[in-house]
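>>> could you work out the structure for the sequence below:
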Amino acid sequence: MKSAVPALLRIGEAAERAGVSPRTLRYYEELGLLVPTGRSAGGARRYTEADVVRLGRIRELQELLGFDLVEIGEILRGEDQLADIRSGWSDAPLTGRKRMLEVAVEINARLRELVRAKQGRLDEMMRELDDKARRYRTRSRELAAELELAEQEGPERREGPESQEGPERQEGPESQEPERATDRAGQGTSQGARGRGPVSVKS
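Below is the predicted model of the structure:
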């Protein structure tokens with residue numbers, strides 16, 4: 001009985017499954033992160049379910065854990081080597097297993113160092129965010145105290161200095177018109193009296 005041939009996906013289908021563009025798959029191939037399992041007769045890329053899983057791993061390392069593509073390449077190579085060691089373990093002699101285990105320890109140490117470096121950067125970023133959170137809480141308490149004091153002192157402090165202007169400052173030029181009109185009337189009267197000259201009184 002023939003074993004079932006795994007279904008092959010076109011590049012657009014694999015990209016859609018992973019939520020990326022076909023251009024991203026081609027770029028990953030250039031970097032050696034993801035090589036398609038097969039090719040069509042015309043040379044078109046064909047992907048398997050295992051390729052899609054590997055693509056999901058790349059996206060996880062990039063988006064969730066924040067590794068760059070160079071770091072991801074190193075992690076994937078290490079994971080590939082560990083997978084090869086696991087697959088060949090059962091057929092290896094005892095001396096071969098000893099060497100395989102030594103290599104696995106070295107690979108795992110490199111991967112741990114990568115993760116530790118990333119964790120250190122994340123821890124530093126978290127400390128900065130925690131410091132900001134403490135400053136914001138302190139400022140919030142100070143502001144609440146200032147608002148409470150303003151409530152006790154009355155609306156003048158709460159509304160600001162603009163509200164303290166008296167009505168004499170708020171009066172516009174219109175309020176001065178009656179006084180100006182009175183002045184003009186008085187000046188007209190005086191000028192009229194001077195124009196007529198002295199008034200004679202008949203006896």
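>>> so in this structure, which helix runs the longest?
helix 94-153 (DSSP state H).
>>> residue 18: neighbour count?
Using other CB atoms under 10 Å, the number of residues around residue 18 comes to 21. Every residue, glycine included, has its C-beta placed from N, CA and C.
>>> quick one: residues contacting it.
52, 55-56, 59 (CB atoms under 8 Å, 6 or more residues apart in numbering).
>>> would you mind listing which of the residues you listed are buried?
Buried members of these, counted by 16 or more other CB atoms under 10 Å: 52, 55, 59.
>>> so which of those residues sit within helices?
Going by DSSP H, the helices hold 52, 55, 59 from the buried ones among the contacts of residue 18.
>>> tell me the one of the residues you listed nearest residue 123?
residue 59 (23.8 Å; CB to CB).
>>> check what pLDDT that closest one gets.
Predicted confidence (pLDDT) for residue 59: 92.
>>> equivalent analysis for the one 3 residues further on, please.
Looking at residue 62, its pLDDT is 90.
>>> now do the one 4 residues further on
Reading off the per-residue confidence, residue 66 sits at a pLDDT of 88.
>>> pLDDT weak spots in this structure?
1-6, 155-203 (pLDDT under 70).
>>> can you list the domains in it?
Taking automatic domain parsing as the criterion, the chain consists of the domains 1-64, 66-153.
>>> what's the most buried one of those?
Of all these, domain 1-64 has the most neighbours on average by mean count of other CB atoms under 10 Å, namely a mean of 14.
>>> want to try a markdown table for the buried ones among the contacts of residue 18, with distance to residue 114 as columns?
Output for the buried ones among the contacts of residue 18, formatted as a markdown table (distance: CB to CB, whole Å):
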| residue | distance to residue 114 |
| --- | --- |
| 52 | 24 |
| 55 | 20 |
| 59 | 17 |
